[in-house]
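Novice: Need a 3D model of the following:
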Amino acid sequence: MSELDAYIAAWSQACADVSAIIDELTADQWAAPSDCPGWSVQDVVAHLAALETELATGRRPRDVPDVSGKTVSSAWTEAGVAERRENTPEQLIAEFRDAAASRRQTLAADPPTNPAAIPEPRPGNVPWDNATLLRNRVLDVWVHEQDIRRAIGLPGGMDSPAAQITAATFAAALPFALARKTGAAPGTRVAVVVDGIPADLVLDEDGRARPVDPAAGGAPDTTITMNRETLTILGAGRRTPDNLPPTARLEITGDRDLAARFLAAMAVTP
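Specialist: Below is the predicted model:
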């Protein structure tokens, strides 16, 4: 399976997983606050419906400033939610499901084959190629699935293909967190162990973080041990290390101040 095919399959399954969850929500659960500031579960679903509708039909939210060539602005993201504030849960479920089904059909009929090609449409005309767009759709749908799960007290979904892709995306950003966001001095060494898999990083004199050769000896300044849930919550910028759910695991040995700075720097998404 190609990279693009894997992203499409994971996105499709993630959409199906979200659909199964929201089908069963009670009125109180729809109104429950999520980890997205100011958004209820219903707002999270509205956001997903807005994005999938734009990708399926090209229809953008109204009254959105031109964000071509820039990252998707919070104003654009909020516009799609605001347009749907009066929609019922049933309408949001139907819109999300229909848009996802339409996009599945389009991708099946004309599957993208060039990861570097620029797709149309793109949400907010962001400058993403096929690989970036399809990977980010996996990440967005799965992260919001987890937002919904935490809001209603329904843990799970940590072993899906979308979870694996999201975790790998956040793990790939760990060197950047050490190099650019911690203020650490050259020679600083941080080991991060996620579900038993270690990533031992050292900061070079040129300000780049690189993997440490296990044969080099020595010990890291701090070792941070976590599970996938912790990695993805912090990578998505959803919570702080002192506000993790009971199922999220986090242990620190060594320099706790360095670990705190590193953990605060892990957020990849706003």
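
Novice: contacts and neighbour counts: CA atoms only from here.
Specialist: OK.

Novice: Other residues contacting stretch 36-51?
Specialist: 29-34, 61, 77-78, 80-81, 84-85, 89, 92-93, 95-96, 99, 123, 141, 144, 147-148, 151, 238 (Cα atoms under 8 Å, 6 or more residues apart in numbering).

Novice: can you pull out the strands in the stretch 101-250 of the chain?
Specialist: Remark: strands assigned in the stretch 101-250 of the chain by DSSP state E, counting those that start in this stretch are 189-194, 197-203, 209-211, 222-226, 250-254.

Novice: Check what contacts the longest one and list those residues.
Specialist: With contact meaning Cα under 8 Å, 6+ apart, strand 197-203 is reached by 175, 178-179, 184-193, 209-212, 220.

Novice: what does the shortest one give?
Specialist: Residues lying outside strand 209-211 but in contact with it, judged by Cα under 8 Å, 6+ apart, are 175-176, 178-179, 199-204.

Novice: Using CSV, lay out those residues together with distance to Thr166, neighbour count and pLDDT.
Specialist: Converted to CSV, the contacts of strand 209-211 look like this (distance: Cα to Cα, whole Å; neighbours: other Cα atoms under 10 Å; pLDDT from 0 to 100):
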residue, distance to Thr166, neighbour count, pLDDT
Pro175, 16, 21, 96
Phe176, 16, 18, 94
Leu178, 19, 29, 95
Ala179, 21, 24, 94
Ala199, 17, 19, 92
Asp200, 20, 21, 94
Leu201, 20, 23, 96
Val202, 24, 24, 95
Leu203, 25, 22, 95
Asp204, 27, 15, 93
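
Novice: Format these as a markdown table; extra columns: distance to Arg135.
Specialist: Shown next, in a markdown table, are the contacts of strand 209-211 (distance: Cα to Cα, whole Å):
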| residue | distance to Arg135 |
| --- | --- |
| Pro175 | 20 |
| Phe176 | 19 |
| Leu178 | 24 |
| Ala179 | 24 |
| Ala199 | 22 |
| Asp200 | 25 |
| Leu201 | 25 |
| Val202 | 28 |
| Leu203 | 28 |
| Asp204 | 30 |
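
Novice: Helices of the stretch 151-270 of the chain, start to end?
Specialist: Per DSSP state H, counting those that start in this stretch, the stretch 151-270 of the chain carries helices over the ranges 161-172, 174-181, 228-235, 256-264.

Novice: of all these, which lies closest to Ala248?
Specialist: helix 228-235 (5.1 Å; Cα to Cα).

Novice: got the contact list for the closest one?
Specialist: 143, 158, 166-167, 170-171, 194-195, 239-241, 244, 247-250, 263-264, 266-269.

Novice: what does the model give Lys70 for pLDDT?
Specialist: pLDDT recorded at Lys70 is 44.

Novice: Perfect, I'm done here.
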